[in-house]
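here's my sequence, what's the structure:
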Amino acid sequence: MYSQSKALIAATLCGLLSGCATTPGQQQQAWGAGLGALTGGGLAALAGGNRQAITAGALAGGLIGWGAVKLSQYQATQTMTATQMEANGLARSVTSTTVNIQNGTATPGMVGPGNQVKVVTDYLVNAPAGISSVPIAETWSLKKDGQPLATLPAANQVRVPGGYAAEAYIPIPQTAEPGTYVVEHKVQAGTSYDVDESVFVVSR
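All right, here's what the predicted structure looks like:
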């Protein structure tokens, strides 16, 4: 039973990784990616010899690789001053700081594992008269099939009232399952926050 379970785990990993690795580099990537699958279902399956536990657990474990994903090439630019916001009818008279996301995007719309997706959050900051700058937290979260995969570390900034475009790249793990992924864009200033969503598709 033990040898059969080991063989089934190996077969499951090969399926998750779209084929067994043949070169040392590929093998290293495969084992690194497969660790999540083993954590999710392999040990439980070895203990009980349950084929269903291996399959379900490995699929769930395959999501673990997203937990280590980090933003890269982050940058933010001011797209509009407070005066320009007022001229465009976007300025608001407020008693406390407010943030409003105008648009959240993820490009390209279709990407393969090992590549990256650019996420951009366009948002506005309105502050009460006399407030020249406010602390802002920009975050991005990933979901698939309604299940949270990863919340990327917040980019904490100090902004003057105006419009901003915050952008960064999210690397797609080699183990990413094909399908549609949802990016949740969030901007927060104190108790005020706004959320938007964008999507991209991982293909094989």
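
do I have it right that Y123 meets A166?
Yes. The criterion here is CB atoms under 8 Å, and Y123 meets it with A166 at 7.5 Å. Placement of C-beta: from N, CA and C, glycine included.

show me the strands in this structure, by range?
72-81, 98-107, 110-111, 116-126, 134-144, 147-151, 155-159, 162-171, 179-189, 192-202 (DSSP state E).

what's the angle from the fifth one to strand 192-202?
Strand 134-144 runs at 30 degrees relative to strand 192-202, counting by axes from the mean of the first three to the mean of the last three CA atoms, to 10 degrees.

follow-up on the earlier one: among the strands of the chain, which is nearest A91?
strand 116-126 (6.5 Å; CB to CB).

distance to W66, mean pLDDT and mean neighbour count added to the strands of the chain, as TSV?
Shown next, in TSV, are these (distance: least, CB to CB, whole Å; pLDDT from 0 to 100; neighbours: other CB atoms under 10 Å):
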stretch	distance to W66	mean pLDDT	mean neighbour count
strand 72-81	15	95	13
strand 98-107	15	97	18
strand 110-111	14	97	16
strand 116-126	12	97	21
strand 134-144	6	95	19
strand 147-151	4	90	15
strand 155-159	19	95	15
strand 162-171	10	96	20
strand 179-189	9	97	19
strand 192-202	11	97	17
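
and L90, which of those is closest to it?
strand 116-126 (5.9 Å).
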